[in-house]
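Q: Quick one: sequence and predicted model below, then my questions.
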Amino acid sequence: MSAGTSRIAKVVRETKESSVSVEINLDGSGQISVETGVPFFDHMLSQLGKHSGFDLTVLTKGDVDVDSHHSVEDTSLAFGQALREALGDKAGIRRFGDAMVPLDEVLVQAAVDLSGRPYLVHRQPEIVELIGTFDTTLGRHIWESIVAEAHIALHVRVLEGRNAHHVFEAQFKAVARALRDAVSRDGVAGIPSTKGVL
């Protein structure tokens, strides 16, 4: 991938449960527009876009009258696919990224490998089941869904923390910073793998 190649993708995902559109620009400036019908999830995706430096536009219409599961899952899958498509052949990127992010009493470590192989390790303490009306059991599933479609390896560990909102938010900020590092161009030509492909 040459330095001038745009790293932009748009994914539209339509099911009987939701309609999702995700647009991403990996070389953006953190311009965010997110509307999923799930306000807390909007807040988290906004953190992901802002702190990664990506431009991110998300519009989801789903069966939130049932619950938020389908909207959150399908949006996460679409985001993962958009990330994968925007990366293209991954030539010239750093590939690996990591971050340690504090948020008051919370400390989160995130590390990512844009490996082409989906794998998730996720550790967080027990937290309350609801943040407002948001089902916190969806937390791990968000990362599972992103990882599955992005084809990346992701480790997220909450090292300290008790406030559920902080626990969630620090994870999204840490993953964002790790992704920002991993997608950056490091000036080395070619695919960052001895296999010649990621």
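A: That came in fine, so what should we check first? Numbers count the residues shown, from 1 in each chain.
Q: Quickly note the distance from Val64 to Glu73.
A: Applying C-beta to C-beta, to the nearest Å, the value for Val64 to Glu73 is 12 Å. (Glycine included, C-beta is placed from N, CA and C.)
Q: neighbour-wise, which of those two wins?
A: Between Val64 and Glu73, counted using other C-beta atoms under 10 Å, Glu73 has the larger neighbour count: 20 against 17.
Q: From Leu107, how far off is Ala178?
A: Going from Ala178 to Leu107 by C-beta to C-beta gives 14 Å.
Q: Phe168 touches Ile131, doesn't it?
A: Yes. If you go by C-beta atoms under 8 Å, Phe168 and Ile131 touch, sitting 6.9 Å apart.
Q: Between Ala178 and Leu107, tell me which one has more neighbours.
A: Ala178 (27 against 16).
Q: elements contacting the helix or strand where that one lies?
A: Following DSSP states H and E, one finds Ala178 within helix 164-183. With contacts taken as 3 or more C-beta pairs under 8 Å, 6 or more residues apart in numbering; DSSP states H and E, helix 164-183 sits against helix 39-52, strand 96-103, strand 106-113, strand 130-131, helix 138-150, strand 153-160.
Q: partners of the shortest one, with directions?
A: Applying DSSP bridges to the sheet, strand 130-131 is found paired with strand 134-135 (antiparallel).
Q: go on, the last one?
A: Using DSSP bridges, the strands paired with strand 153-160 are strand 106-113 (antiparallel), strand 119-123 (parallel).
Q: Got the phi and psi for Thr15?
A: For Thr15, the backbone dihedrals (degrees, to the nearest 10) come out as phi -130, psi 180.
Q: shift numbering so it begins at 55
A: OK, 55 is where the count begins now, so the last one is Thr69.
Q: Report the separation between it and Ser169.
A: In this view, Thr69 and Ser169 are 28 Å apart by C-beta to C-beta.
Q: Same question for Ser238.
A: 16 Å.
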